[in-house]
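next comes the sequence, and after it the predicted model I'd like to discuss.
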Protein chains: 2
Amino acid sequence: MLVCATFDRSNASKIQLREKPIPSPIQIVPLTGLPEVAPGDDLAGLLVEAVRRQRLVLKPGNIFVVAQKVVSKAEGRIVPLDSIQPSERAERWAALYQKDPRMIEIVLREASSVVRMERGVLIVRTHHGFVCANAGVDISNVPAGTASLLPENPDRSASTLQEQLQRAFGVHLAVIVSDTFGRAWREGLVNVALGVAGMAPLVDYRGQRDIHGKILRATVIALADELAAASGLVMGKLNQVPAAVLQGVPLPQGSGRGRDLIRPAEKDLFR
Amino acid sequence: MLVCATFDRSNASKIQLREKPIPSPIQIVPLTGLPEVAPGDDLAGLLVEAVRRQRLVLKPGNIFVVAQKVVSKAEGRIVPLDSIQPSERAERWAALYQKDPRMIEIVLREASSVVRMERGVLIVRTHHGFVCANAGVDISNVPAGTASLLPENPDRSASTLQEQLQRAFGVHLAVIVSDTFGRAWREGLVNVALGVAGMAPLVDYRGQRDIHGKILRATVIALADELAAASGLVMGKLNQVPAAVLQGVPLPQGSGRGRDLIRPAEKDLFR
């Protein structure tokens, strides 16, 4: 249960932590009916229209999760494959695994380092610091002959949307820009948070006491990633639902950015 | 958007995929008021009571996500630390990082291999195949002087609960047994699915076409992990909410187990 008070350690007494009000349900509302988004489109405006069309009443602390793909499209982060001259390295690797060398070239350009490049799988660290397959470069749900890149700065994308959405609705809102990433050791993709605005992406339980009075030592929850994953349940992969609104999530105090979810080099055991 | 029909390729026509009905919202309902669970307790019975107390009306396809901790407690997977004689290896490593050597010993016993053992962090592959910190062994929210282990077979735990809950409510239900795991490269923990019953843990979009008619090649979504993460939004870490019910999630046809979410050795680049 996320009770706002429990995250403000200066205010939270043990008594507050022991109280057990029944927490309210959380709602994940899909936003639908957006037109195909193109470079320069007013994405916030399209989201506002969708909210109004669905007669959704927004409350303070509601969270928009917006798929990276529509953000990238609106920001013009679409590359025509024809414009790409593959390097020798890209050509060689692409030939080995029957890939498009232009795609490999784009991925390598988006990468600050290659984490794994074997068995036809290309996992890199992006310039932002995200570790993911193909640097998030993708040819699905974009026009033929093009590829989409991750937003240049997903935190900035989230902030811009947050500002525009707050202006339209007049309440405090949080925004997450999300994408589906694979994971080490586990099958399947899950939606994760790339950019975050208007909320704390991590919730720190360390120092709080469990029901037996024991102090929690290692519990920091990736709230923004859990929110992104939850929105993945309505967003799907066929592009019909590029955004969702989460209602009833008590947001902890504080704020932060999507980049706070990237494990810093000195703590990372899997470089 | 998860439309049931889209997952049954034999029935799904392109026309069905192009239709855009507004998907309904998903609800995440916390289950509260469970007493402290002890070995031998009827966990399904306690969940049934909680559902009735909250006047929650269950529908076919509703999903229970139950925290590993209460499952382990009910199944007696609690070890008194006093009963453990640490090995020399456990003693040595514990001394290096000021850890309890008995805890380290339990972790090593629960592990089939050690993935990382450095800087005070012990990441292992459990006998089930999960890669996680401390083999899921935990001293929070259990009586002093004891540690909880992961269920012996989380899929079996999920199946047993599913059978009992279905008998009580008379509708088809799915059950996920979840725990919070860390991830490579990203900060914070997220709730993931260990055991699954009554649903397909993975949704395979490969072979379907996107809005531009392009065939999706690499998209398999870890639905059970997204459901577990979503329930993490209400479950928290202070033990007040050991379970959640997710309503309105259109489950794809088919079924599978939590172990399907474990990447097989031959596909795993991070062994």
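Here it is on my side, so go on.

give me the number of residues near the nearest residue to residue A:204 once chain neighbours are set aside?
Distances taken as CB to CB, 6 or more residues apart in numbering or on different chains put residue A:220 closest to residue A:204, at 5.1 Å, once the chain neighbours are dropped. Every residue, glycine included, has its C-beta placed from N, CA and C. Here the number of neighbours of residue A:220 (other CB atoms under 10 Å in any protein chain shown) works out to 17.

quick one, what contacts residue A:220?
Applying CB atoms under 8 Å, 6 or more residues apart in numbering or on different chains, one finds that residue A:220 lies in contact with A:202, A:203, A:204, A:205, A:206, B:187, B:188, B:189.

surely the fourth one meets residue A:216?
Yes - using CB atoms under 8 Å as the test, residue A:205 is close enough to residue A:216 to be in contact (4.9 Å).

neighbour-wise, which of the two wins?
residue A:205 (21 against 18).

the more buried one and residue B:188, how far apart?
Using CB to CB, to the nearest Å, residue A:205 is found at 11 Å from residue B:188.

overlap of the contact sets of the two?
Common neighbours of residue A:205 and residue B:188 (CB under 8 Å, 6+ apart) are A:220, A:221.

can you give me the helices for the stretch 51-200 of chain A?
Remark: helices assigned in the stretch 51-200 of chain A by DSSP state H, counting those that start in this stretch are A:68-74, A:88-96, A:101-110, A:154-169.

most packed of those helices?
helix A:68-74 (a mean of 25; mean count of other CB atoms under 10 Å in any protein chain shown).

what is that helix packed up against?
Packing partners of helix A:68-74 (3 or more CB pairs under 8 Å, 6 or more residues apart in numbering or on different chains; DSSP states H and E): helix A:43-53, strand A:146-148, helix A:154-169, strand A:173-181.

what's the mean pLDDT across it?
When pLDDT is averaged over helix A:68-74, the result is 97.

closest point of the stretch 51-200 of chain A to chain B, which residue?
residue A:188 (2.9 Å; CB to the nearest CB).

how much space separates that residue from residue A:267?
25 Å.

over to residue A:199?
Counting by CB to CB - residue A:199 and residue A:267 are separated by 23 Å.

if you count surrounding residues, which of those two has more?
residue A:199 (26 against 9).

pLDDT value on the more buried one, please?
Residue A:199 is given a pLDDT of 98.

do residue A:211 as well
Confidence score, pLDDT, at residue A:211: 75.

the stretch 151-271 of chain A: strands as residue ranges?
A:173-181, A:190-197, A:203-204, A:220-221, A:243-247 (DSSP state E, counting those that start in this stretch).

tell me which of those sits most buried.
strand A:190-197 (a mean of 29).

just checking, what packs against that strand?
Looks like strand A:190-197 contacts helix A:154-169, strand A:173-181, helix A:223-235, helix B:223-235 (3+ CB pairs under 8 Å, 6+ apart).

re the thing from before, to residue B:111, which of the strands of the stretch 151-271 of chain A lies closest?
strand A:220-221 (23.2 Å; CB to CB).

run the chain-centre distance for that closest one.
Distance, stretch centre to chain centre, for strand A:220-221: 16 Å (CA atoms, centre = their mean, to the nearest Å).

could I get the full set of strands for the stretch 1-150 of chain A?
Going by DSSP E, counting those that start in this stretch, the stretch 1-150 of chain A shows strands at A:26-31, A:62-67, A:78-80, A:111-118, A:121-126, A:131-133, A:146-148.

including mean neighbour count, could those go into a markdown table?
Listed next are the strands of the stretch 1-150 of chain A as a markdown table, based on neighbours: other CB atoms under 10 Å in any protein chain shown:
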| stretch | mean neighbour count |
| --- | --- |
| strand A:26-31 | 24 |
| strand A:62-67 | 26 |
| strand A:78-80 | 15 |
| strand A:111-118 | 15 |
| strand A:121-126 | 21 |
| strand A:131-133 | 23 |
| strand A:146-148 | 21 |
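
so for residue B:232, which of these sits nearest?
strand A:26-31 (10.7 Å).

tell me, how many residues neighbour the residue of the stretch 51-200 of chain A closest to chain B?
22.

please report phi then psi for it.
Phi and psi for residue A:188, reported as degrees, to the nearest 10, are phi 90, psi 160.

quick one: it and residue B:227 touch, right?
No - the pair residue A:188 / residue B:227 is not scored as a contact, 11.9 Å apart, by CB under 8 Å.

picking up where we left off before, out of the helices and strands packed on helix A:68-74, flag the one nearest residue A:260.
Of the helices and strands packed on helix A:68-74, nearest to residue A:260 by CB to CB is helix A:154-169, at 9.3 Å.
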